[in-house]
Structure formats: structure tokens, C-alpha cells
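Q: this one's structure only:
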């Protein structure tokens, strides 16, 4: 059977990403468990007989889509690893081992590939990760696609996307928007922050912002709820403001929708004083932390609402 | 930096597969541990705090290289999974969880993809595997590349490629050669056989035959040794004989070099009586088992010799 079609309605491009992932999970049926054992959280949480859960995530990059000729190969390799590290961070875990699989054209440069691998090695060493497996398969000329599976271990608590309740405060680390100007390659996964969050009581509903706040926020809202976001409080990056000058789209829009922020977004139970929590954070990290709003019952009045729409994730 | 080159000497195609994998490991340096913790065995053997080792393997398939229009999508999915299962089998392990990452062109047919995923589900169910993660990235039109990472657990003993000694008997399961006529898609990974082998004393130096006996045998030979193979005893498949009639190349050559046999090749310590061992096997399995020769000190006389050349693996 031919895998490709000339009928536009039959092509996967007719499906939106979320619809495609939903379809995959539906097609997989019983072998696709609910998150966190299956797809739908930042990492899968696996019981493999260890005292703590094993965290697993697989994500990739493709030439022309996640990087271009302007990127240094070592930065491409670091991005491949750090995209996955950011997901381990969002579970409060510690990364351990990576497996890297490439699909590459015969005209890929060995010089480029060497810098990619030495860059990967440097980044792995920085985060205490070993490369436990890998391979390559030949693809069409002009293709460089890399997939990295990252395995890690959780602490006693695993940070899940689920668990937030109505009335929780919503926090975000760092600043948002404008990642295309550089941060999409040069970012620091919030690993130590995630590990710290996993040790605090009241933290639940955690995700890393890869698709943009507007798209990722609904993932952590409780069912039948929405969020009241204080737009004036949003930590908008200097690059988002720079982009506004270039493309005349508001910096706020960039902060909400650009994606590839790789910051942590999380909810804090209303039983915890958010000011004391923020003060504890500030004593521990130089990374910025901003309270941007709260979860609430739907249909109430407020400055901005985003509707909760539980979706799968892990696709891009 | 441009990833691709027009200078033939600079292109990865100038490197042979083994040379490419060696280069990768060299570039990775200290973050690439020796096997079995790193690359170089059928699976990586990971210590993630469990009572038994975690086995991990990542391998993929690409349209036009591992399958074509004549293959049913469900058979393609089964092949993707079973290639990895065969590696778990060669470690004597039990498969548990899979993560699947696709790079696909926009013109991929949703109908084809649905049959691929339902086929994957069926095969996962047959082997008790859940799909714990996955995603897709967009690639050029006409591309379907899938990478699957399989996680499993070992029993008390892990079957490694290393460990054979001079004087060991060499056994192979099933029949070899001619896989292109169908077996490359329709094969049974030797999981229960591998699990049984892991419980027998004297079994060590185990590999699954993916590149062909001639290429995979050196992987299990002890250092500074070679193998004396009784070519008349080799279990040559009916498909290898069929191919001989078609292409006039000897069936024996097909059996030695075709690859994609997905049979287990292993050494048995000389302290174990191979006849009793083979009789025990026969009581347990209907799968054929053949003693095809033995390991020996190099330079001794014999019907056929293959030189031990320790190489990395996991590439194709």
C-alpha cells in the first residue's frame, strides 16, 4: 500500500497536530494507557521495578523546521537534548540516559556531524547524562532528523500536569516570547527549579512552555475551569518587545503564542501563601518567578479568560 | 553552518556504517560509556535503581529503505516493533514500554497511518507492551521515518555479546538467508527463547542476526579468536534456495550475508555438553536450533574462518 496520497483530504496535513495525536491514541487503543503512564504529560511515568518512577520522553528536531543553516551544529545538538531536559524538569526529575537516533541524507557533512556530536557530548556532560544507545538510518539527501529519548528518575514526588484545583495561583518562571531571536537555541532547562518544586507542598499542575502560554496553560487547568490571567503581570521578554518593533505584532501576543520558551508553568494550592512561596523561591534561585493569575470556575468575570480544553501533547 | 556538503569526501556517505558509528562514539567521548552501559550491545543495560537492569534500545525504519509500497502498513509497524524486540530477546529480557517518534511528510496518507497505528497496537498487545510516549515532526513530502525506543527489564542474568571463550560451541536458531522474500517483515522475535537462554548456565556471547551471520558472528567471538564454522551444517532457509535460482548467487552466500534474519546466535561454554543442551532445547521449543561450529584460537586449520573484529553496532 502506498504511504502517500495526492488527495488533500486524505493527507495528514488535513489534520491539526492535536487532532493527529488524538487519532494516534485512539488507533492505539488499549496499548496507549492514560497519562502519566502513557502519552499526555511532559514525560511518561513508568514503573519498571525501581523504588522511584522512571521518566521517559522522546522528542526530535528536523532541519528546516527546528533549525536552519544559521545555527551552529553544537547548538542544534544542545537544543535536541534540552528540549527533552525541559520535559524532565517539568516532572521534577533527574535526567540519566539518552538514546539518539538519526535519519540523515548521504550528503550530510561529516564536519557538521562531528560538531553536532561533540556539542551533544558537552551538553550531556553538563547535565550528567550518558548516551546509552544510538544509530542512524539513511534518508533522502538534504535531510537531518534526530530523535532523542531521554530517561530519568523522579524524586519521591512526580510533578504532573493534572492536580490543580480552582482557586490555585498560577506561576511562571523566566520571561516569555520572542524565542525565535535566540532563546529557542540558547535556553536553560529549569531542572533544579523543577526538582525544588517537586519538594514543595502545594505545587501541582506543572508543564514546560513549549507551544506558548496560551496553548500550554489549558493543559494544567482543572476540568471545568478556566484561568484569570493578569496580562499586566506577564513577564514579557526583551526579545518579544524587539519583535514587536520589527513585525508590529504586540509583544504580549508574542509572549502568549510564540512558544519554545522552555519555562515552567505551574499551579500552587490556595492553602499555600503565594507571597511566602515566592519569597522562598527568591532565596533559592536567581531565575525570575511571576504570579500571573489564578484558576477559577468558568464564566466568572475577569480581565482575560482561557478556556480549559484538555488535549494530548508531546507533538510538534 | 550548512549541514550538507557537495564535496563527496566530506559527506557521511564516504564513511562506512561501522566507521560512522565508531566516529560518533569517539566524538561523544566520556559521555559514551562502554557496552553494555553504552552502545555496542543489542541493548543498553541501565542501572536506574531497579532490582534488575533496565534494557533500552532505539531503532527505526525509513520508507524506501526498510519497506516499500508492497508492504502492508500493519506489517511495517510490526517490523518497527519487532526489530527492537529481537534486540531485547538477544539480552534475554522482557519488553515493557515503547516510545514512537515519527518524521513524516505532509502528503502521508491518514488511511495508511491509521493502519500503521492499529497494526502497531495489535503487535504491542501480542507482546504485552504499552506505548508510553510519542510524537511527530514534519519532514519533506514523501518521507515516512519512524523511530521506536523499547524499554524492557532483564531477568537475573543479562545475555551480553561478550563472554564467549575459546572452545565454545556456536549455535543459531531458525534458518538463515532470503529474508527479502518475506521474513524481513514476517518474523517472530526469539523472546521466549532468549529468556530461556538467560536461565541456562554456560550461555554467553549472544546477538540477534540483523546484518547477516558473516557480519554478526565476529561480534560474539572472544578477543584474539576466530570461529570454525561447519558450512554444511548451516540452516539455510527455503527462501535462500529460492533466491539462488533467481539470482544465481549460492544459497549459502544468502544465508551468510543477507541479514534481517532476526535469529539468535550464541556461544555455549565447553563445560556444557552441547548434545544435552540441544536436547533440552528441543523439549522446550519447536524453533529449530543448530550447532554450526565453535570458537577457536586464531590461525588454526579449518573449513572456514572468520576473523574477530570487535566493532560497534546498532547502526543500519
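A: Cool, the structure landed. Being a predicted model, the structure only gives us computed values, none of them experimental.
Q: what ranges of the stretch 101-250 of chain A fall below the confidence cut-off?
A: Regions of the stretch 101-250 of chain A meeting the criterion pLDDT under 70 are absent.
Q: Contacts only, for residue A:255.
A: For residue A:255, the contact set (C-beta atoms under 8 Å, 6 or more residues apart in numbering or on different chains) comprises A:175-178, A:213, A:234-237, A:240. Every C-beta, even on glycine, is put in place using the N, C-alpha and C of the backbone.
Q: ignore the last one, residue A:177
A: A:236-237, A:239-240, A:243, A:251-252, A:254-256, A:258, A:261.
Q: what's the closest of the contacts of residue A:255 to residue A:166?
A: Lowest distance from residue A:166 to the contacts of residue A:255 (C-beta to C-beta) belongs to residue A:213, with 19.5 Å.
Q: where does the residue lying closest to that closest one once chain neighbours are set aside fall, phi/psi-wise?
A: Closest residue to residue A:213 apart from its sequence neighbours, by C-beta to C-beta, 6 or more residues apart in numbering or on different chains: residue A:256 at 5.1 Å. Main-chain torsions, residue A:256, degrees, to the nearest 10: phi -80, psi -30.
Q: Next, the buried residues of stretch A:180-197.
A: Neighbour counts over stretch A:180-197 (16 or more other C-beta atoms under 10 Å in any protein chain shown) mark A:181, A:183-185, A:187-191, A:193-197 as buried.
Q: does chain B sit close to that stretch?
A: No. Stretch A:180-197 lies out of reach of chain B by C-beta under 8 Å from any C-beta of the partner chain, never closer than 12.7 Å.
Q: ditto for stretch A:159-173
A: No. Shown here: stretch A:159-173 not in contact with chain B (C-beta under 8 Å from any C-beta), separated by at least 13.9 Å.
Q: what distance separates that stretch from the centre of its chain?
A: Distance of stretch A:159-173 from the chain centroid (C-alpha atoms, centre = their mean, to the nearest Å) equals 16 Å.
Q: measure that stretch end to end?
A: End-to-end distance of stretch A:159-173 (C-alpha to C-alpha, to the nearest Å): 15 Å.
Q: and residue A:113, what helix or strand is that in?
A: Using DSSP states H and E, residue A:113 falls within helix A:110-126.
Q: Could you tell me the angle between the helix or strand following that helix and helix A:110-126?
A: Sequence order places strand A:130-138 as the next helix or strand after helix A:110-126, per DSSP H and E. If you take axes from the mean of the first three to the mean of the last three C-alpha atoms, to 10 degrees, strand A:130-138 sits at 160 degrees to helix A:110-126.
Q: Give me the sheet partners of strand A:130-138 and which way each runs.
A: Strand A:130-138 sits in its sheet next to strand A:94-104 (parallel), going by DSSP bridges.
Q: Please, where are all the strands along the stretch 151-300 of chain A?
A: Taking DSSP state E, counting those that start in this stretch as the criterion, the stretch 151-300 of chain A carries its strands at A:169-173, A:203-208, A:226-229, A:264-268, A:289-296.
Q: still on that earlier bit, roughly how far does the residue nearest to residue A:213 sit from chain B?
A: 23 Å (C-beta to the nearest C-beta, to the nearest Å).
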